[in-house]
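In: next come a sequence and a model predicted from it.
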Amino acid sequence: MNAALVATLLAGSLAGNRWRSGLAVACIALGVALAGAVHTLHASALDEIDRAARTLGGEADLQARGPRNGFDDAAFIAVAKLPEVAAASPVVELDVVALPPAAESGERAAGGRTTVKLLGIDPFRAARLQPGFLAGASGERAEGTPGYLDTDVAFLTPAAARHLGVGVNGAFALRGPRGDVKLRVGGLLPALEGGGPVVVVDIAHAQFAFARLGLIHRIDLRLAPGASRERAIASIQSALPPGVRLERPDDGASRTAGLTRAYRVNLTALALMALFTGGFLVFSTLALAAARRRQEFALLRALGLTAGALRRFLALEGALLGLAGAAAGTVLGLAASRAMLERFGHDLGAGFFSGTAGTFSPDLLALAAVGLAGVATAGTAAFAVTRAFDRLDVAQALKDRHLDLPAAPGGWSAPAATAVLATLAAFLPPAGEIPVGGYLAIVLALGAAVLAVVPATQVLLSRARAEENPLLVLATAQVRSLPGHLAAMVSGIVVSVALTSAMAIMVFSFRVSLDGWLQGVLGADFFARASPGGDAVVFDERLQSRLAQVPGAARIDPIRYDRLNLAGHSHPLTVMARPVTERLLAGFQVASPALPPKGDAMNAWMSEAAADLFGWKAGDEIELPFAGKPARLRIAGTYRDYARTWGAILVDLEDWRRHTGDRLANDVAIVADRSADAKALEKALARVVGEVPGAELHDAAYIHNRSLEIFDRTFAATYALEAAAVLIALAGVTSSFAALAWSRRREFGVLRHLGLTRREVLRLLAFEGAAAGGVGVALGLAAGAAVSVVLVRVVNRQSFHWGMEIHWPWLALGVLAGAVVLLCALGAAAAGRAAVAREAVDAVKDDA
Amino acid sequence: MLAVRGLAKRWPGGAILFENLDIEVAAGELVAIVGESGAGKSTLLNALAGLDRADSGSIVIAGTPVDALDEDALARWRRAHVGFVFQQFHLLPYLTVGENVALPLLLNGVPSAARAVRASELLARVGLAGREDRKPGSLSGGEMQRVAIARAVAHKPRLVLADEPTGNLDEASAAEALALLRDAVKGEGAAGLLVTHSEAAAAVADRVLRLAGRRLARA
Amino acid sequence: MRRFALLLAACAATLAAHGREGYAPVVPGARLAFPADRGSHPMHRIEWWYVTGHLESARGPLGFQVTFFRLRNKEAEANPSRFAPTQLLFAHAALAEPAHGKLRHDQRIARALPGLAQAHEGETNVFIDDWTLRREADRYVARIPGQGFTLDLALAPTQPVLLQGEGGYSRKGPNRAQASRYYSEPHLATTGTVTLGSERLAVRGHAWLDHEWSSEILAGDAVGWDWAGINLDGGGALMAFRLRDRAGGTVWAGGTKREPDGRTRAFREDEVAWLPLRTWKSPRTGVAYPVGMRFTAGGEAWTLEPLIDDQELDSRASTGTLYWEGAVRASGPGGAKGSGYLELTGYGRALAF
């Protein structure tokens, strides 16, 4: 097969197929773009985190990292004195809300605030690991400006300066627990450009101004040359309090990679589904084109072209479609991710990377892999089409232009077997945190539904009593004689309806479960948050008791959080300490909310995620480092926590305070007196809370609605992608009908000769479309229900560690079903309009 | 049965294709119209079937002024009263031979049992008894045209129009088909109009008219 | 005065902004008491221990200097944090080897933290991490593991302490409050090892230790100073300094000479004069230093010639300071010879006081 011939054939193919080819390319492009964008966003974010860790860590070999609330700073002196340590640098690290100059000068626009990382360092010690902390090193320090030791001076990375919109000598403020901490920019730290938005102040000032006296969060370390790494690590570890672990500076990025893996895999799976749908479209495009050109191909065969050459041509055509889709998708994905980075940062809509600046660094390898997947999908589809041409009877084809597409053999054994396999796969254990079995089950369930298309149609047709209605007779005869065409079209509908309905069911189930959970969890009337958007500000005991004394407040529940870095676990463990009551436990959906007796060990309840990730069981006694002291806990049960994905443990506030002596609170829940005037109470509470700058007071309804709002926003991208996938699939179905209608235009011409009106022909087509849509929707909904069960019970449980109940969004599913059937009917009729628009007289003459 | 008076048709550009055509065909009469390619034979046929509108003149079939009907009414009228035979047979590939023959009956709402009986009867008449359940693709060209002829008269139309019915057939099949067409027209008492460029085919007709120089004349 | 201003440059505004209130004053007439006054005086604003010397080694003559500064930052004393930078410590070490042609030097800077960086009271014991200078029984021990060189020296006094100025009260400006407490230990018999890369050299020589503390800021028109401390052959000791104004004129000057027999003469401000003989221009910074210098003290003229020209210390990257500090040979009246150190500061940009 020479190039000229291929070019001629391709030109013929594309000329007659522009619209459908375009759709197929669009669908593959969508899948490739989605997967590419997900990977690019993620790679950029990880790159950013990695770079920031390396930039800020400088020449550090190791970092000692403690819980989120910090550890005793005496540990620094013990570690720094060790002979194995060449240099050690203590770090206070807080997420703080920054008030840029405009907001600081009185104009407190809510939008003006931004979260930055605050580093409190000893510049002399930090500079031995990263000289870039000394502003003078880069000549960026303004002449005559003070150094770190002036308490009102901060040094900013260029990213922080951009974030805050301040320059050298500019003024800004950070929200601290003692009030706004006013700072002046002493200089920029251009050598720390890669460190992200960071405000650097002296460690003593950070401890004092942010009420963290005696606490540090990290020690960066360089080992003495010649020291044995293992021995050094052992002796450093023994100098550290419990709960502080040693890790490499770049462990941060790999830890983040671990945390986001599930989220990433799920988005990628969504992208692959789009590719899958694209594959169907490529298949039906090529198949219809091939059917249309069957006589042409038969002629070529008769003229001596081998079957293999023909197959190669079709494969090439598929690959070209795939390539076009992959190329367009890669460009689209890069553009989209770039735009998203510029607009939203690395957030991915789920808040994993908040606070990192948006640097664009695509992962070329991943992009290539995604692109190849697109080409491979198209190639596979093309290969499926070529199977039909192995059976091409040249003589017959020359005479008769009627060719069906290859379809799955009829009968129920194949779909039944696949469904059984899908069920079995759903019970496979996850690999790492990837629910491999779940995804396999989803693919198999979709496969079973697709395989069921032919037998299901056969059953429906055999039941159809349509002997008297000429339109029904013609329609059923048409679909009965072309099961392959039907299967291809219906399969597309099945897949997209299945995926859409499955996502709809899952999201709805999650939303209803979350709604119910929130109702239980928000057992108070008001909530005060000390530090929304950061963790620098806390409520001290004085403020807590003042809240308790507000007239009309029946009870307050101070809530204290910490986040532990446990050795041997890549996931942080959140500790939530608050007064534990039976009511609270019931709200958190603990199976048996009765309070267990107090024993030697603290009672603790673990979240479902903690059970999965840390392998604890109810009744276990475990030891956790609380505030640098080992605490013994007895797991009393499991609670549900939709707010903290990576595992959390709930203990009673009194136990926590007794053990740690820490009497601060991040949040305070306030239960109103039943007789209290809610408005007056809120006002009085707000006055007290307002003394803590930046702290917020909200009522339960606000929190409830806000949580659901955030939920909806998180899933907005999913909804949009789903809608796009469905629209493309429907467009594909419509274009299939169009192609089919076009190939049937002589038939329509004959029918018009025989006395059918144009309207009747269109009605015939609409009926066929609705019938195909109906079969597709029925099978799609069945498959979607199965897939949603897998998503809820297997995928979510294994990758997000959330338990939830299935709730059926009947209305949404009904609308979806109706819309798809209607759109199929309208699409088919619209597609047929062109075919009957021509004069019947010409149609019967047309030899094409 | 068919009465055409003063029929005229222009090309889209305005040039006259034919004018002042008068045709009378009685029930049971088969009339052939011959002429060179491009003389307007097919256009005339389409105008008679109501698929194309003439520019002037009147067409009355069995007392119905066809040219006065709107498009839907024309379609319904055609469904009930006109049978077609095409050069390329135009059997629906996804219907069986029997269903193809019974297609006009189906469109006219004849119950399926009656349809089957009528189809079998007609298939027997065109020498294809017992082939009801075959698909058209398995038939030879001559056989397909015989099925088409059976379909054209299945619903006892007033008018049977045949456009070059032998164009795609060999000599023997053509003769056979023409004989069947003639028999069918006579047997059903329809007015038959056969358009062909073949003098040999025209010979089967009761009368032959020649369309030439915009006018119709007795051959 | 030494590198008073080095630290002022590092912490300039802190000091400039907060004046002298709350710092222990330097008053004339108070007697120095040893060993307590060998230790730190944390209530004073600034203090330094400063060792310079000449060594003989298998690789030839070497010059070395080891300095520890302490700076009190009163502003930070309100902060109860362990890390509050109430006392800052700064150390500098340099090694001059004529064969090497340029200076090896390194520095440490830290806030005082118990066990990590401290200047003890009661006896000389000052350290920043693994850099230490302390008195052990009858001698000082200095251990300085620097980048590219390590000094490990024992320095034994061979003479009584030399009290500078009026019994240890040393004026630094026209205002009597502009003064410091200042004593020296010349002719310290020095032994130990100097490690250059992987080469350990046994060394022997003599050194000079200055210990000085003050709370007062210098006269406002001074931009830099010249200082020399010379161990004279035969056991004498000579120290001279001046503070320069922008035009190169003398703002204040002073010095001391002790004869081998112990007779000591303190020079008045008008008895010391300096005259540059030869300048060397740094190829790195373009700054010209009068490395060949003549001064007269009490009518005696002394000529200083550096061991090597390039003894410039460029610490602008870490502490923002730039100066010349070098081992010199001295020749004086009647063929008198000596060896010591010359310090030239403020020849680049003016240091901020």
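Out: Perfect, thanks for sending it. Bear in mind that the values here come from a model prediction, so they are computed numbers and not experimental data.
In: A:Val550 - how many residues pack around it?
Out: Other residues lying near A:Val550 total 22 when counted by other Cβ atoms under 10 Å in any protein chain shown. In short, each C-beta sits where N, CA and C put it, glycine included.
In: so how far is A:Ser592 from the residue of chain A found nearest chain B?
Out: The nearest approach of chain A to chain B comes at A:Gly755, 2.4 Å away (Cβ to the nearest Cβ). Applying Cβ to Cβ, to the nearest Å, the value for A:Gly755 to A:Ser592 is 76 Å.
In: so where is chain B shaky, pLDDT-wise?
Out: Scanning chain B for pLDDT under 70 picks out nothing.
In: one step back: settle it for me: which of A:Gly755 and A:Ser592 has more neighbours?
Out: Under the criterion of other Cβ under 10 Å, the comparison of A:Gly755 against A:Ser592 puts A:Gly755 first, with 24 against 11.
In: just to revisit the earlier point, what's the residue of chain A closest to chain B sitting at in phi/psi?
Out: Main-chain dihedrals, A:Gly755, degrees, to the nearest 10: phi 110, psi 10.
In: how about it, nearest residue that isn't a chain neighbour?
Out: Setting aside the residues directly before and after it, A:Gly755 is nearest to B:Arg79 in space (Cβ to Cβ, 6 or more residues apart in numbering or on different chains), at 2.4 Å.
In: ok, which stretches of chain C are helices?
Out: Along chain C, counting by DSSP state H, helices occupy C:4-10, C:12-18.
In: which strand runs longest in chain A?
Out: Counting by DSSP state E, the longest strand found in chain A is strand A:85-99.
In: what's the mean pLDDT across that one?
Out: Per-residue pLDDT values across strand A:85-99 average out to 89.
In: what about that strand, near chain C?
Out: Yes. Contact of strand A:85-99 with chain C (Cβ under 8 Å from any Cβ of the partner chain) involves A:Pro90.
In: quick check: buried residues in stretch A:294-309?
Out: Buried residues in stretch A:294-309, counted by 16 or more other Cβ atoms under 10 Å in any protein chain shown: A:Arg294, A:Gln295, A:Glu296, A:Phe297, A:Ala298, A:Leu300, A:Arg301, A:Leu305.
In: what's the first-to-last distance across it?
Out: Length of stretch A:294-309, first residue to last, Cα to Cα, to the nearest Å: 15 Å.
In: near chain B at all, it?
Out: No. Stretch A:294-309 stays clear of chain B (Cβ under 8 Å from any Cβ), getting no nearer than 12.5 Å.
In: centre of the chain to that stretch, how far?
Out: 48 Å (Cα atoms, centre = their mean, to the nearest Å).
In: how close does the closest residue to A:Val153 other than its chain neighbours get to A:Gly167?
Out: Of all residues beyond its chain neighbours, the one nearest A:Val153 is A:Gly186 (3.8 Å), with distances taken as Cβ to Cβ, 6+ apart. Remark: distance between A:Gly186 and A:Gly167 (Cβ to Cβ) = 12 Å.
In: ok, C:Ser282 next?
Out: As for C:Ser282, its distance to A:Gly167 is 33 Å (criterion: Cβ to Cβ).
In: more neighbours: those two, which one.
Out: A direct count of neighbours by other Cβ under 10 Å for C:Ser282 and A:Gly167 places C:Ser282 higher, at 17 against 12.
In: my read: the more buried one touches C:Asp310, true?
Out: Yes. The pair C:Ser282 / C:Asp310 is scored as a contact, 7.3 Å apart, by Cβ atoms under 8 Å.
In: for the longest helix along chain B, which positions count as buried?
Out: Ranked by residue count and defined by DSSP H, the top helix of chain B is helix B:171-188. The neighbour-count check on helix B:171-188 (16+ other Cβ under 10 Å) flags B:Ser173, B:Ala174, B:Ala175, B:Glu176, B:Ala177, B:Leu178, B:Leu180, B:Leu181, B:Arg182, B:Ala184, B:Val185, B:Glu188 as buried.
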